[in-house]
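Trainee: Coordinates for the following, if possible.
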Amino acid sequence: MPLSPRRAQSNNFGGRKNATPYKGSSLGTSCPQLLKRTSISPAARLTAIPSSSPISLNHKFHGFQVTTPPAKVPKVEISKKDVLRGQIIGFLRGEGQPEDTNADFKIFSDVSIDDYEFIIEAIAEDDNNQFNRYKLSHSPSSNQLVATLPTPLHENLLKPLRDTIDAVLASMGIDEALGNFIIQMNTTLRGEGEGGSTEKALGTPDALVEFHDGDGGRLQLWGTEISFSQARDAAIAKLQRSVIFNKFMRAVTLFDVLEDQRYSSPSESSHAFQTLSETDRVVPYRKWLQKDDLPVFGPVTGFTHNWVSSLTVVVTTWVRPDDGPFDLYDQDPRYYATAQLCPDTDLVGLDNVQQLFHRTFASIRDTTISHLEDLMAEEEGSSAESDISDESGDEGTSHMAEASAISASPTPDPFQLVHWKKVMVQLRNAARQTGYTRYSTWHEKLIKRKAEEAEISSRSSKRTRRSR
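Mentor: I've put the predicted structure just below:
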């Protein structure tokens, strides 16, 4: 007797009993047995699975093939903090920046002090100098990080101050055998870290006065910062951090430079854009220069465009109090002075700044002498313990006398320290140089863009002719 379809099906699968219906099919068939899932350790999440041994299970049933997909490795969770830090570091390295970027600074929001310390530590440990293009300041009150692109204003404005500092420090008469003063540019300021370290990265001032003793030790004594394009709050916060973590810092000075109007490159509808679009070479400085303009007090112009607006410059300086905390937000006139340099010159305020500079040099001198005396006392103690001959002891005594004699060195007239007229000359030149840098950078990019557009148009035209 022929078997019924139902019985034939039952005989074909007589070895399977109590099969569980496969919910994914309308055939009411059995579900293939799946592989047992195993847990993955956190370390394995970062390890790629070899593609040579795929995990799969194939079953054929009534012409259908069921394949179990390879086990998926859970994605590694990346925190928003890590993403933000990566974006900032990438920007500082110049990665992913559009070619038409014309801003002299960029502000990052939601940046904590921990993020800032992580980033400046990365800069301090960088051996390839990939980060030297930008200067950083952080404002804890607003959690903003300001990355500033240095301009000629940073270099030129500091020259008269550097000349004065060099002359005064040289007049202190410290013998080179004991050490020497150095004005560092773009050097990492160090301070107290964890575990007794004194190498915690605190940032990079525009200028930093250091004393290097004969054994290679150093004191970082006076930092100067140039704040440009609305970054004053972040600059003060940066200086405050430096004097908290570095107890040898005797003073800090801030030059705050503010453009009356924020810089923007020429728009495509402007006369400057239309004129410069017709030229395929950057105009030399002498032909670009407008000698009848009035830099600093007025805009720096070229081809009817304002490349630098009129400037407001304020100089502020602080000296460490004899006792109590070094608080830059405490405007005690004994330790704080500020004055507007331009457009309206505050002569009385500038005299106060000069007097505080005078006190700064006296503080640097006293701190340096105290440091040298401590070193010599240590050497004398070591000599006594090691039973060194009397000749060495006499030499140490002579060095001590030499160091003590420094305290009698006269300090300069406080009103003759910085020649503000020379500062104004440097400001004028720096404004013009900054304007030309902005112009030439923008015009070069415009020429490059037009060449690329012409190349694309030429290729498109050739393809069109071949298609015909």
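Trainee: what about the stretch 251-400 of the chain, any weak spots by pLDDT?
Mentor: 382-400 (pLDDT under 70).
Trainee: For it, which segments are assigned as helices?
Mentor: In the stretch 251-400 of the chain, the segments counted as helices under DSSP state H, counting those that start in this stretch are 271-276, 285-288, 347-385, 390-405.
Trainee: number of nearby residues for the residue lying closest to residue 201 once chain neighbours are set aside?
Mentor: Excluding its sequence neighbours, the residue lying closest to residue 201 (C-beta to C-beta, 6 or more residues apart in numbering) is residue 124, at 3.8 Å. The C-beta positions use only the backbone N, C-alpha and C, and glycine is treated the same way. Residue 124: 17 surrounding residues under other C-beta atoms under 10 Å.
Trainee: cool, and residue 164?
Mentor: Count around residue 164 with other C-beta under 10 Å applied: 18.
Trainee: now the one 3 residues further on
Mentor: Neighbour count for residue 167, taken as other C-beta under 10 Å: 11.
Trainee: element containing it?
Mentor: Secondary structure assigned from DSSP states H and E places residue 167 in helix 152-171.
Trainee: That helix vs helix 347-385, what angle?
Mentor: Interaxial angle, helix 152-171 versus helix 347-385 (axes from the mean of the first three to the mean of the last three C-alpha atoms, to 10 degrees): 50 degrees.
Trainee: Can you name the next helix or strand after helix 152-171?
Mentor: strand 179-184.
Trainee: can you map out the helices along the stretch 51-200 of the chain?
Mentor: Going by DSSP H, counting those that start in this stretch, the stretch 51-200 of the chain shows helices at 80-92, 113-124, 152-171.
Trainee: for the shortest one, packing partners?
Mentor: It refers to helix 113-124. The helices and strands touching helix 113-124, judged by 3 or more C-beta pairs under 8 Å, 6 or more residues apart in numbering; DSSP states H and E, are helix 80-92, strand 135-139, strand 144-148, strand 200-203.
Trainee: list the helices and strands the third one packs on?
Mentor: When you say that, I think you mean strand 144-148. Secondary-structure packing of strand 144-148 (3+ C-beta pairs under 8 Å, 6+ apart): helix 80-92, strand 105-108, helix 113-124, strand 135-139, helix 232-245.
Trainee: Please save the CA atoms from the helix holding residue 167 in CSV.
Mentor: What follows is helix 152-171, C-alpha atoms only, in CSV (Å, rounded to 0.1, in the frame of the first residue of the first chain):
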residue,chain,number,x,y,z
PRO,A,152,54.1,89.1,13.8
LEU,A,153,52.4,91.0,16.7
HIS,A,154,53.7,88.3,19.1
GLU,A,155,57.3,88.6,18.0
ASN,A,156,57.5,92.4,17.4
LEU,A,157,55.7,93.4,20.5
LEU,A,158,58.1,91.5,22.7
LYS,A,159,61.3,92.8,21.2
PRO,A,160,61.6,96.1,23.2
LEU,A,161,60.8,94.2,26.4
ARG,A,162,63.4,91.5,25.6
ASP,A,163,66.0,94.2,25.0
THR,A,164,65.3,95.8,28.3
ILE,A,165,65.3,92.5,30.2
ASP,A,166,68.6,91.4,28.6
ALA,A,167,70.3,94.7,29.6
VAL,A,168,69.0,94.7,33.2
LEU,A,169,69.8,91.1,33.9
ALA,A,170,73.3,91.5,32.4
SER,A,171,73.9,94.5,34.8
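Trainee: on contacts alone, who are the packing partners of it?
Mentor: Helices and strands touching helix 152-171, by 3+ C-beta pairs under 8 Å, 6+ apart, are strand 179-184, strand 207-213, strand 218-228, strand 251-259, helix 347-385, helix 420-467.
Trainee: what do you get if the cut-off is 10 Å, keeping everything else the same?
Mentor: Helix 152-171 sits against strand 179-184, strand 207-213, strand 218-228, strand 251-259, strand 311-319, helix 347-385, helix 420-467, with contacts defined as 3 or more C-beta pairs under 10 Å, 6 or more residues apart in numbering; DSSP states H and E.
Trainee: now the ones you listed in CSV, with mean neighbour count and distance to residue 108?
Mentor: As requested, these are exported to CSV (neighbours: other C-beta atoms under 10 Å; distance: least, C-beta to C-beta, whole Å):
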stretch, mean neighbour count, distance to residue 108
strand 179-184, 18, 27
strand 207-213, 20, 25
strand 218-228, 24, 17
strand 251-259, 23, 20
strand 311-319, 23, 25
helix 347-385, 17, 32
helix 420-467, 15, 22
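Trainee: Residue 243 is nearest to which of those?
Mentor: strand 251-259 (6.2 Å; C-beta to C-beta).
Trainee: re earlier: how about the helices of the stretch 51-200 of the chain, which one is nearest residue 190?
Mentor: Closest to residue 190 of the helices of the stretch 51-200 of the chain is helix 113-124 (C-beta to C-beta; 8.5 Å).
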